[in-house]
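Peer 1: Sequence and predicted model, in that order:
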Amino acid sequence: MPAPERRLYVGPSLRRFRRDRGLTQADMAADLDVSSSYVALLERNHRPLTADLLLRLAQTYRVDVSLFAGGGQSDDLVRLQTALRDPLFTDIDLPALEASDVAANFPGVVDAFLRLYTAYQEEQLALADHGAEPAGGQIASDPVAEARRFIAARRNSFPLLDDSAEHIAKAVADAGGLAAYFKARHDLRVRRLPPEVMVGSVRRLDWHRREVLLDDELDNASQNFQLALQLAYLEMGKEIDASLDAGGFTTESAERLTRRALGGYAAAAILMPYAAFARAVEARRYDVEALGRQFGASFEQTAHRLTTLQKPGHERVPFFFIRVDEAGNVSKRLDGAGFPFARHGGGCPLWSVHQVFRTPRKVVTQWLELPDGERFFSIARTVTAGGGGYGRARVDRAIALGCAAEHAHKLIYTQGETAPPPATPIGVACRLCHRTECAARSEPPIGRQILRDDIRRTSAPFGFSDS
């Protein structure tokens, strides 16, 4: 007797797939030659997805059938289970089976919950950025903080961009490279010109002459990134706009900064496609330099890409990333590992990211311990932007990439360690760190009474009352 046919219910995945592409149920119905009501039934899991319709989906939207027929957990279920692990819900008994049932039978409720949870995360990050509201209840707009909150609330993971970029990356490889693809697909020629001709630009799209122009003093990794970025804007505009839709930005500058960040995300995803990159990071044990050489990317581009590997169901080690200059100014900050960055003021000077300027381009490893006992592992190194010719302006910055201590054994940088060495005690910022004996302290912590030094001066910068 033949085995009964397995029915494939894909409601939440189908709905997310449709919405991510900006399609209405009527649009999808017309594309697939079915009725709108049938699409609605599929999305509510009232009808299974037939083999014929699965093939039509794959052919119409040029996606892999495994996106729907892989047999794994749906993105919504994985995201729901991740959200339910938040400490906010620790006192509620939430069996995995119940979450699975909710995701399968009430996709609309799951979608509503996930929207609310994402909004909650953004509000928590906003409170951390601004502290208490000023008198009058109005918080001054900060476009950079808005953009960072948007990205942090989504753990710097945008699966829609990753999926689209993988298809583009394959087409680029089949065409023989980025320059060949631009010519074949868009009838655009890639030209490299000297800086004096580029007049302050490193990349420019000249539609009139059908050319993509690049500054010829860019290194190979930067040239590839700029070409991939231009390609992302040409072919992934709809996906970038869809990813921005839920932003609720208060200023146009915040939206433009976030769009720029998503453009960079998409470019990196073209150069380092998710599936291939995720396999490579495990094979090379997260060796940033080796991965960069494999994918033709810079150290910073590769480290940045490592923070994005949180696609539901295909997660890798969650990392945090920070980039600072010699004055301690933060120009980029991404967190997928729960690291409590200082929202305002300087960071801890005991963290090696502030010290690697003494050893340019050398990777420095460090175990870190926060005042609450939480431990992290980080690598830090300097990177250079600009230059390319004698007398050209260049900027040296330091980047740090890190993860929670529990994941550190997966990294090549800890090989040979039989046990973690003593950790450096650091704080988020001096105003928030209550390590009273720290000789590197620059200001007293909030809430501590400073002792007079009429009779005794402590070896630490400040003495504190026990009261």
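Peer 2: Perfect, I can see it now.
Peer 1: Mind giving me the packing neighbours of the helix or strand bottoming out on mean pLDDT in the chain?
Peer 2: Least confident element among the helices and strands of the chain, by mean pLDDT, DSSP states H and E: helix 66-69 (a mean of 69). For helix 66-69, the packing partners by 3 or more C-beta pairs under 8 Å, 6 or more residues apart in numbering; DSSP states H and E come out as helix 11-20, helix 51-61. Heads up, the C-betas are built off the backbone N, CA and C, glycines and all.
Peer 1: Contacts for the first one, please.
Peer 2: Among residues not part of helix 11-20, those counted as contacts by C-beta atoms under 8 Å, 6 or more residues apart in numbering are 24-25, 27-28, 39, 42-45, 49, 61, 63, 67-68, 74-77, 103-104, 107, 110-111, 160, 239, 242.
Peer 1: The helix or strand that contains Gln121 packs against which elements?
Peer 2: Gln121 belongs to helix 107-130 when elements are defined using DSSP states H and E. Identification of packing neighbours for helix 107-130 by 3+ C-beta pairs under 8 Å, 6+ apart yields helix 11-20, helix 75-84, helix 96-105, helix 143-153.
Peer 1: Could you identify which of the helices and strands packed on helix 66-69 is most buried?
Peer 2: Mean neighbours per residue, mean count of other C-beta atoms under 10 Å, is largest over those for helix 11-20, with a mean of 21.
Peer 1: That one versus helix 96-105: what angle between them?
Peer 2: Here helix 11-20 points in a direction 50 degrees away from that of helix 96-105 (axes from the mean of the first three to the mean of the last three C-alpha atoms, to 10 degrees).
Peer 1: Now stretch 353-361 - C-alpha only, CSV.
Peer 2: Taking Å, rounded to 0.1, in the frame of the first residue of the first chain, the C-alpha atoms of stretch 353-361 are listed here in CSV:
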residue,chain,number,x,y,z
VAL,A,353,40.1,48.2,20.4
HIS,A,354,41.5,51.4,21.9
GLN,A,355,45.1,50.2,22.0
VAL,A,356,45.7,48.4,18.6
PHE,A,357,46.8,51.7,17.0
ARG,A,358,50.2,50.9,18.6
THR,A,359,50.4,47.7,16.6
PRO,A,360,48.9,48.5,13.1
ARG,A,361,47.2,45.6,11.2
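Peer 1: Enumerate the positions of it that are buried.
Peer 2: Within stretch 353-361, the residues scored as buried using 16 or more other C-beta atoms under 10 Å are 353-354, 356.
Peer 1: Tell me how far that stretch lies from the chain's centre.
Peer 2: How far stretch 353-361 lies from its chain's middle: 24 Å, per C-alpha atoms, centre = their mean, to the nearest Å.
Peer 1: per-residue confidence averaged over that stretch?
Peer 2: The average pLDDT for stretch 353-361 rounds to 95.
Peer 1: Contacts for that stretch, please.
Peer 2: Outside stretch 353-361, the residues that reach it (C-beta under 8 Å, 6+ apart) are 322, 324, 326, 328, 347-349, 362, 364, 378, 380-382, 396, 398-400.
Peer 1: switch the cut-off to 10 Å
Peer 2: Contact with stretch 353-361 is made by 289, 299, 322-326, 328, 346-349, 352, 362-364, 366, 378-384, 396-402, as judged by C-beta atoms under 10 Å, 6 or more residues apart in numbering.
Peer 1: mean pLDDT for the helices and strands packed on helix 66-69: which is lowest?
Peer 2: Of all those, the minimum mean pLDDT falls on helix 11-20 (a mean of 79).
Peer 1: other SSEs contacting the helix or strand following it?
Peer 2: Next in sequence after helix 11-20, counting helices and strands by DSSP H and E, comes helix 25-32. Applying 3 or more C-beta pairs under 10 Å, 6 or more residues apart in numbering; DSSP states H and E, one finds that helix 25-32 contacts helix 11-20, helix 36-43, helix 51-61.
Peer 1: let's see 6 Å
Peer 2: Helix 25-32 is packed against helix 36-43, with contacts defined by 3 or more C-beta pairs under 6 Å, 6 or more residues apart in numbering; DSSP states H and E.
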